[in-house]
Structure formats: C-alpha cells, structure tokens
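Participant: take this sequence and fold it.
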Amino acid sequence: MRAVAYRKSLPVSSAESLLDVELPVPEPGPRDLLVRVEAVAVNPVDHKVRQNSDPGGENKVLGWDAAGTVVAVGGEVELFKPGDEVYYAGAIDRPGANSEYHLVDERITALKPTTLTFTEAAALPLTSLTAWEGLFERLGLHYDLLDETGALLVTAAAGGVGAMVGQLASALTGLTVIGTASRPETVAFARSMGVHHVVDYHRPLLPQLAEVAPQGLDHVFSTAGTARNLPVYAEALRPFGRIVAIDDGDGVPLGLLKSKSISFHWEYMYTRSMFRTADLDRQRKILTQVARLVDAGVIATTATRDLGPLNAANLREAHRIMESGTAIGKITLTGF
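Facilitator: As a prediction, the model looks like this:
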C-alpha cells in the first residue's frame with residue numbers, strides 16, 4: 001500500500017523530511033478495524049513527533065485524524081462491519097493514518113457524520129475529543145446545562161482545538177465564551193465558531209478580559225503558551241476557578257494558583273488509548289455524540305483548506321503551514 005513516512009527527524013524544508021513509501025497492508029488484531037483511508041487531517045502533534053522522535057532510519061507513519069471505509073474487521077469486533085464509514089483520531093503509540101489502509105481499535109472509532117464528506121469528517125476527531133474531554137471531564141462543565149453561568153477563556157480560538165471548544169461551549173453550555181485571536185481572518189473564524197467575545201493576544205489581556213468579563217473568569221482552556229500566560233490566568237480567574245491545558249507545560253508556575261484555590265488539569269487525548277483504560281470505549285461514545293450534533297446542525301466541521309491527494313509533497317506543505325502558526329481551522333488531504 002502507498003503511505004507517507006519519515007525515517008529521520010529533518011526540517012520540513014528538506015525533501016526527505018517526509019517520503020512516499022510502499023508498505024504491507026496490515027492485518028487486523030482482535031478488536032481492530034482495517035480502514036481504507038479516504039481523507040486525513042493534520043495536527044500540531046504530527047510535526048512535533050516528526051521533529052522530536054527520530055525513527056533511526058525505519059519508516060514511521062504519522063497522522064492521527066482520519067475518515068474512511070471499513071474493509072475488514074478483527075475476530076472480536078462487535079460494533080462495526082465492512083462497508084461502514086467511520087472517523088477517528090487513533091492512538092499515538094500505533095502507526096498513523098497517512099497510508100492507504102490503517103488499523104484502529106473499534107473502541108475509539110465512530111460512524112462518521114452522515115451529512116459530511118470524508119474530508120469534512122476527517123477534520124473533527126482529535127480536536128473534538130480534546131475539546132470534549134477538556135470541557136466536560138477536566139473542567140467539569142455540565143453538558144447541555146444551558147443555564148450554567150460564568151466565563152470561559154479559550155486561547156487560539158481560530159485553531160483546530162480552539163474552534164471546537166468555542167462551538168461546544170457556546171452550543172452546550174450557558175457560558176460566555178471568550179477567545180484569543182488577532183488577525184481579521186482569525187477573529188472572523190473564531191466568531192463563526194461560537195466565540196462571543198474576541199481579545200487580542202498581542203495586547204495586554206487583563207484590561208481586555210476585565211471589559212468583557214468584569215466579574216472575572218471561571219474557566220480557562222489553554223491551548224498554547226500556558227507557562228507564559230499563567231500569571232494572567234491567576235489574576236483573571238475568580239476563586240475556585242479551573243484551568244485545563246493541552247500544550248507542553250515545562251516550567252508552569254503552579255504556585256500562583258494556590259491563594260485562589262484554582263485547580264489545574266492536563267488534557268491529553270491519547271491517555272485512554274496509551275494506557276488502555278477501562279473506559280476506552282468512552283471515546284467512541286464522544287465521537288458518536290459529536291456526529292449527532294453535526295448531523296443536527298448544532299456544530300460544524302472545522303475543515304478550511306484541502307491540499308489535495310495524500311502524498312509526501314502535499315503533506316510537507318501541510319506541516320510547513322502548521323509549523324508557521326498561521327493555520328486557521330484544520331488542513332486536510334483527500335485520497336491518494
């Protein structure tokens with residue numbers, strides 16, 4: 001089968017940073033689905049793994065957002081059959097989905113939204129899971145409690161995760177959703193994704209937050225710059241507020257949170273699959289609920305730009321855009 005892999009950690013400008021390769025079609029394990037990949041999306045984790053995890057000359061396939069068609073199932077699979085159209089984020093400790101065929105555990109897979117194309121669906125799984133787990137499990141917000149009051153700040157509101165946080169929080173809670181963005185196009189996209197107020201992260205945040213949330217923040221969903229921004233969060237949050245962060249948090253000054261009894265949580269979408277937790281099937285249920293919300297018109301895909309077929313050249317361009325920090329929504333690739 002055709003696939004895109006890397007063999008050495010190289011700058012994305014190098015033609016060998018990602019390569020077109022041929023690999024054997026994998027055989028499903030007991031709970032695995034063999035999926036013919038129709039479309040993938042690209043996330044920051046892709047280029048971070050490429051940059052920081054050298055495979056020592058072996059082919060390593062990236063890609064943790066996919067939509068496709070089930071073509072075979074393992075002997076213990078109960079929930080899916082060949083022909084089903086599915087979407088999923090996969091597991092970071094298994095080969096990624098940048099290949100014609102891909103294995104994924106049925107417990108972290110769901111039927112894709114019927115109203116979306118494969119490309120539109122591929123943009124959703126990783127960010128939807130991250131946003132849902134962060135909001136409703138780590139921050140402890142109550143799903144569908146529209147009279148819940150307070151203010152939520154989400155950083156990088158026009159990014160993949162930020163856009164899903166904005167949609168889910170504004171549609172399923174009564175919170176005032178505040179997002180950070182700076183360019184006219186990112187401000188417009190954040191607003192289209194449900195953010196009620198936008199603050200410019202290039203300007204001092206505290207005065208802007210005081211204007212739109214004079215009573216203070218109750219929750220922060222930090223997607224980037226957590227260590228740098230924690231003093232602002234500590235000042236802006238009300239006592240007993242909550243923070244969830246998804247970035248790499250070296251040097252986070254947690255002592256700043258003690259006097260207000262502010263709680264701090266990490267969200268890592270891969271925790272369930274890495275540790276094979278007892279509630280692994282929870283991710284299938286979340287993705288199923290997201291699909292229902294999409295099909296009901298409550299939330300929308302965050303796919304904004306498709307770069308064409310999945311090959312090394314197009315995937316290098318996707319990584320380049322992601323590394324530049326200028327991406328809006330999700331970048332996808334469709335077919336081979």
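
Participant: what's the local residue count around residue 203?
Facilitator: Number of residues near residue 203 (other CB atoms under 10 Å) recorded here: 9. The C-beta positions use only the backbone N, C-alpha and C, and glycine is treated the same way.

Participant: any idea how far it lies from residue 230?
Facilitator: Using CB to CB, to the nearest Å, residue 203 is found at 18 Å from residue 230.

Participant: how about residue 196?
Facilitator: Applying CB to CB, the value for residue 196 to residue 230 is 24 Å.

Participant: looking at the two, which is more packed in?
Facilitator: Neighbours per residue (other CB under 10 Å) separate residue 196 from residue 230, with residue 230 holding more: 24 against 17.

Participant: how far away from the center of its chain is stretch 180-193?
Facilitator: Distance of stretch 180-193 from its chain centroid, counting by CA atoms, centre = their mean, to the nearest Å, is 18 Å.

Participant: how about stretch 30-45?
Facilitator: Here stretch 30-45 shows a centroid-to-chain-centroid distance of 14 Å under the convention CA atoms, centre = their mean.

Participant: mind pulling up the pLDDT for the residue nearest in space to the middle of the chain?
Facilitator: By CA atoms, centre = their mean, the chain has its centre lying nearest to residue 127, at 2.2 Å. What the model reports as pLDDT for residue 127 is 98.

Participant: that one sits in which helix or strand?
Facilitator: helix 125-132 (DSSP states H and E).

Participant: packing partners for the helix or strand following that helix?
Facilitator: As assigned by DSSP H and E, the chain's next helix or strand after helix 125-132 is strand 151-154. Contact partners of strand 151-154 among helices and strands, from 3 or more CB pairs under 8 Å, 6 or more residues apart in numbering; DSSP states H and E: helix 160-172, strand 176-180, strand 217-222.

Participant: for the second one, which positions count as buried?
Facilitator: In terms of neighbour count (16 or more other CB atoms under 10 Å), strand 176-180 has its buried residues at 176-180.

Participant: following that strand, which helix or strand comes up?
Facilitator: Following strand 176-180 in sequence, per DSSP H and E, is helix 184-192.

Participant: list the buried residues for that following helix?
Facilitator: By 16+ other CB under 10 Å, the buried positions in helix 184-192 come out as 186-187, 189-191.

Participant: can you lay out those as TSV showing distance to residue 54 and pLDDT?
Facilitator: Shown next, in TSV, are these (distance: CB to CB, whole Å; pLDDT from 0 to 100):
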residue	distance to residue 54	pLDDT
186	33	97
187	38	97
189	35	98
190	36	98
191	41	98
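
Participant: got the angle between the helix holding residue 127 and strand 217-222?
Facilitator: With axes from the mean of the first three to the mean of the last three CA atoms, to 10 degrees applied, the angle from helix 125-132 to strand 217-222 works out at 160 degrees.

Participant: nearest to residue 131, of the buried residues of strand 176-180?
Facilitator: residue 177 (11.7 Å; CB to CB).

Participant: any chance of the helices and strands packed on strand 151-154 in TSV, plus mean pLDDT and distance to residue 248?
Facilitator: Shown next, in TSV, are the helices and strands packed on strand 151-154 (pLDDT from 0 to 100; distance: least, CB to CB, whole Å):
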stretch	mean pLDDT	distance to residue 248
helix 160-172	97	14
strand 176-180	98	18
strand 217-222	98	11
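
Participant: which one of those lies closest to residue 33?
Facilitator: Among the helices and strands packed on strand 151-154, helix 160-172 sits nearest to residue 33 (CB to CB), with 23.8 Å.

Participant: elements contacting that closest one?
Facilitator: Packing partners of helix 160-172 (3+ CB pairs under 8 Å, 6+ apart): helix 125-132, strand 151-154, strand 176-180, helix 184-192.

Participant: buried ones in stretch 169-176?
Facilitator: Buried residues in stretch 169-176, counted by 16+ other CB under 10 Å: 169-170, 172-173, 175-176.
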